[in-house]
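Asks: test case, fold it:
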Amino acid sequence: MTTATRFASTDNYAKGGVEIIGDEQPRRYLFSNMFEVADQSTVWERVVVARNLEFTIECVRAEGESPWYVCDHDETALSMQGDIEVHFIKPADSTVLPTKDHPGPVKLTGEPTGQAMGWVKLGHGHMALLPRGAAYQFRATNLGVLLLSPHWALPRDPGERAEGLDRRAMLDRQLRSLGDTRLPLSTFGWQARGLRGDGATQPWRCEDLSLRFDQLLDREHELPARATTGEWAARFSGWLKTAGWAGCADSGRP
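Replies: As a prediction, this is how the structure comes out:
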């Protein structure tokens, strides 16, 4: 048997699908084809095509020169079609930078003044880092398609929104510093609780997240010894909902 890799484009693509098992419903799943999205989008429009918790992936139709953007955290740009340049400037005016509680990039009114940092040329399959605090502009010589990630999105739940992204990032760094790739849920919950022996709190304390871990541990007794595929799917959906998974209805997350 021979296989062949076929690269899609806005002129030639095939959409995928989903096979439902158990009691799941197709309406809970959304499949986006980046080339179809780009084909129907306006120039430089950013359309979210995937999301995992606070992370989103945006699809962009690239033609000509984009506006200038700046972001308070790193992003990446992956070229899926066309030849695209990314130009960078270090803004002289620090007030153009978004505040830490503003996730994602902001569009500037024009080219900022500041030191030119150079540029990157992207071809098909090439990725560029969009550094934190650097203003950037895309320039496409022909019709292109970009995937931008990660773009932070705020949770709808007020408690989780109040935690802010900095504490989540510090918690992630703390967990990685433990050097164990197989941590139990109890350790995640304890670390997210962020309490020291003297009762003071750690800077990475995420109270709402620790509550979700505790709720997951409380549901451990629901694990059956045996179950049908449909029963496992239903239980797993319940665990995802408890965890606040983005795709679950009434999870407290978009």
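
Asks: low-confidence bits of the stretch 151-254 of the chain, can you list those?
Replies: 151-165, 245-254 (pLDDT under 70).

Asks: so Met127 sits right up against Ile84, yeah?
Replies: No. Using C-beta atoms under 8 Å, Met127 makes no contact with Ile84, being 11.2 Å away. C-beta coordinates here come from the backbone N, C-alpha and C atoms, glycine included.

Asks: what touches both of these two?
Replies: Here Met127 and Ile84 have Ala77 as joint contacts, going by C-beta atoms under 8 Å, 6 or more residues apart in numbering.

Asks: so between the two, which is more surrounded?
Replies: Ile84 (26 against 12; other C-beta atoms under 10 Å).

Asks: so that one makes contact with Asn142?
Replies: No. Shown here, Ile84 and Asn142 do not form a contact pair, counting by C-beta under 8 Å, at 9.1 Å.

Asks: so what touches the helix or strand that contains Gln191?
Replies: Assigned by DSSP states H and E, Gln191 falls within helix 185-193. Contacts of helix 185-193 from elsewhere in the structure, counted by C-beta under 8 Å, 6+ apart, are 171, 174-175, 178, 204-207, 209-210, 213-214, 216-217.

Asks: quick one: buried ones out of these?
Replies: Leu171, Leu175, Trp204, Arg205, Cys206, Glu207, Leu209, Ser210, Phe213, Asp214, Leu216 (16 or more other C-beta atoms under 10 Å).

Asks: including distance to Arg6 and secondary structure, could these go into a markdown table?
Replies: Below are these laid out as a markdown table (distance: C-beta to C-beta, whole Å; DSSP: H, G, I helix; E, B strand; the rest coil):
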| residue | distance to Arg6 | secondary structure |
| --- | --- | --- |
| Leu171 | 42 | helix |
| Leu175 | 40 | helix |
| Trp204 | 45 | coil |
| Arg205 | 49 | coil |
| Cys206 | 44 | coil |
| Glu207 | 49 | helix |
| Leu209 | 42 | helix |
| Ser210 | 47 | helix |
| Phe213 | 43 | helix |
| Asp214 | 48 | helix |
| Leu216 | 42 | helix |
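
Asks: want to throw those residues into CSV with distance to Trp190?
Replies: Shown next, in CSV, are the buried ones among the contacts of helix 185-193 (distance: C-beta to C-beta, whole Å):
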residue, distance to Trp190
Leu171, 11
Leu175, 11
Trp204, 12
Arg205, 11
Cys206, 12
Glu207, 13
Leu209, 12
Ser210, 8
Phe213, 8
Asp214, 10
Leu216, 13
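
Asks: all helices of the stretch 101-250 of the chain, in order?
Replies: Counting by DSSP state H, counting those that start in this stretch, one finds helices in the stretch 101-250 of the chain at the ranges 158-177, 185-193, 207-218, 229-243.
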